[in-house]
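Student: Sequence and predicted structure are below.
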Amino acid sequence: MKVRRIVVTGGAGFLGSHLCDRLVAQGHDVICVDNFFTSQKVNIAHLLGKPNFELIRHDITHPLWLEVDEIYNLACPAAPGHYQYNPIKTMKTSVLGAINLLGMARRCRAKILQASTSEVYGDPEIHPQPESYRGNVNPIGPRACYDEGKRAAETLFFDYQRMNKTNIRVARIFNTYGPRMHPFDGRVVSNFIRQALSGQDISIFGDGSQTRSFCYVDDLVEGLMALMNGPDDFSGPVNLGNPTEMTIQHLAETVVQMVGSKSKLISRPLPADDPTQRKPDITLAKAKLGWEPKVRLEDGLRQTIEYFRRIDLDHFRAPTPNY
Ligand code: NAD
Ligand code: UDP
């Protein structure tokens, strides 16, 4: 194997830290860039002593000068409560961050992968969602800072490809869960597990009939690496996610039963623009990358519940009050 110099922005976050683990284990020189908005050093503390791992505290809305072969751009708050806390900053992270990193990729002739999202489909009218679907996003709603920021970043990636022949990859990531989710990120899996373990009520937003499809982190990271290492004539965008769809009510019941909790399921107001259904069509990922998820929900949840049992919540700082 040829050792490559690889930057992972957002590398201290949930997905980024697992990706850093894999790349460091493969022997690459890994540079993790993070401003620690929605993460803490604990996620990558075990990598700090390694000779092929480096950490830079940096905000990607500002330029960065590094010499690299590959860039994975994962830096962006991903949970609705946190990305809505400072929506203007969220938009800057997606757009200015993409411009800064695409500039680096162009200068270094590096390959660059963007962590895009199923949110580019908004509240989808087509089900399941193929990459050809152009989406149903409310451009002025509370989720727009994230959805439109990610859409603009995709535009920038394809413009850099057309103008500069930059070697790009775009992954549209669907809901992913697993160990190292921030316990106060406010996302559904972390919320339900934290609530179930502490015997608190389980907060179902709306009537719980909305659907999501949950992918285990190991599968997702495998997909990101398959895309980065895949053929140069395949840039995506490509959906990465697990097509097993379920209602939020079903997820709540599964978590409560697996934890063995006495928590009650209660209904809370449904946030504005909350998508009613979401399920990836992964035909393209299967055909072009030979990738599909392998981990069953129960197995992934078991690992995640074990992680939440192990951690001490007092050691975690809530990124914003919105969780
Ligand atoms: P996360 O919040 O755990 O990780 C994001 C990381 O980016 C954090 O470490 C945060 O501190 C860092 N960050 C935020 N703004 C930054 C900035 N301006 N400069 C430098 N670092 C910054 O979230 P995650 O779930 O690991 O998501 C990683 C990426 O994948 C995000 O871009 C997200 O939009 C995308 N994504 C995730 C999911 C999912 O279900 N986990 C789904 C779709 C897309
Ligand atoms: N949700 C919920 N209770 C919670 C957190 C989220 O019922 O405590 C719902 C939320 O309304 C949405 C789904 O779970 O319908 C997934 O929410 P999450 O924030 O994890 O991700 P996203 O909405 O971005 O898919």
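Tutor: That came through, no problem. These numbers were taken from a predicted model, which means no experiment stands behind them. Numbers count the residues shown, from 1 in each chain. Ligands and ions are numbered 1, 2, ... in the order given.

Student: in the chain, which spans are strands?
Tutor: Listed in chain order, the strands of the chain (DSSP state E) span 5-9, 29-34, 53-57, 70-73, 111-117, 168-173, 176-177, 202-205, 211-213, 215-216, 238-240, 245-247, 265-268.

Student: taking the mean pLDDT, what do you get for the third one?
Tutor: This points to strand 53-57. Mean per-residue pLDDT for strand 53-57: 98.

Student: before we move on, the earlier item: of the strands of the chain, give the one that comes closest to Gly300.
Tutor: strand 215-216 (3.5 Å; Cβ to Cβ). Just so you know, the C-beta spots here come from the backbone N, C-alpha and C atoms, and that holds for glycine as well.

Student: Neighbours of the closest residue to Asn136 other than its chain neighbours, how many?
Tutor: Closest residue to Asn136 apart from its sequence neighbours, by Cβ to Cβ, 6 or more residues apart in numbering: Gly122 at 4.2 Å. Gly122: 23 surrounding residues under other Cβ atoms under 10 Å.

Student: go on, Gly27?
Tutor: 12.

Student: any idea how far ligand 2 is from it?
Tutor: Counting by Cβ to the nearest ligand atom, to the nearest Å, the separation of Gly27 from ligand 2 is 34 Å.

Student: Excluding residues flanking it in the chain, which one is nearest that residue?
Tutor: That would be Val3: by Cβ to Cβ, 6+ apart, it lies 5.9 Å from Gly27.

Student: on that earlier part again, in CSV, list the strands of the chain along with mean neighbour count and distance to ligand 2.
Tutor: Listed next are the strands of the chain as CSV, based on neighbours: other Cβ atoms under 10 Å; distance: least, Cβ to the nearest ligand atom, whole Å:
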stretch, mean neighbour count, distance to ligand 2
strand 5-9, 25, 20
strand 29-34, 25, 21
strand 53-57, 16, 27
strand 70-73, 27, 19
strand 111-117, 25, 8
strand 168-173, 24, 11
strand 176-177, 26, 8
strand 202-205, 20, 3
strand 211-213, 20, 5
strand 215-216, 24, 12
strand 238-240, 27, 14
strand 245-247, 16, 9
strand 265-268, 13, 7
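
Student: would you turn those strands into a markdown table with distance to Ile305?
Tutor: Formatted as a markdown table, the entries for the strands of the chain read as follows, by distance: least, Cβ to Cβ, whole Å:
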| stretch | distance to Ile305 |
| --- | --- |
| strand 5-9 | 27 |
| strand 29-34 | 26 |
| strand 53-57 | 28 |
| strand 70-73 | 28 |
| strand 111-117 | 25 |
| strand 168-173 | 22 |
| strand 176-177 | 11 |
| strand 202-205 | 14 |
| strand 211-213 | 18 |
| strand 215-216 | 13 |
| strand 238-240 | 24 |
| strand 245-247 | 17 |
| strand 265-268 | 17 |
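
Student: would you turn the ones you listed into a markdown table with distance to ligand 1?
Tutor: Below are the strands of the chain laid out as a markdown table (distance: least, Cβ to the nearest ligand atom, whole Å):
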| stretch | distance to ligand 1 |
| --- | --- |
| strand 5-9 | 6 |
| strand 29-34 | 5 |
| strand 53-57 | 9 |
| strand 70-73 | 7 |
| strand 111-117 | 4 |
| strand 168-173 | 4 |
| strand 176-177 | 4 |
| strand 202-205 | 16 |
| strand 211-213 | 9 |
| strand 215-216 | 8 |
| strand 238-240 | 9 |
| strand 245-247 | 15 |
| strand 265-268 | 21 |
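
Student: of all those strands, which lies closest to Phe308?
Tutor: Across those, closest to Phe308 is strand 176-177 (Cβ to Cβ), at 11.0 Å.

Student: Show me what that closest one is packed against.
Tutor: Strand 176-177 sits against strand 215-216, helix 217-229, helix 297-310, with contacts defined as 3 or more Cβ pairs under 8 Å, 6 or more residues apart in numbering; DSSP states H and E.

Student: So which of those is the most surrounded?
Tutor: Burial of those is given as mean neighbour count (mean count of other Cβ atoms under 10 Å); strand 215-216 ranks first at a mean of 24.
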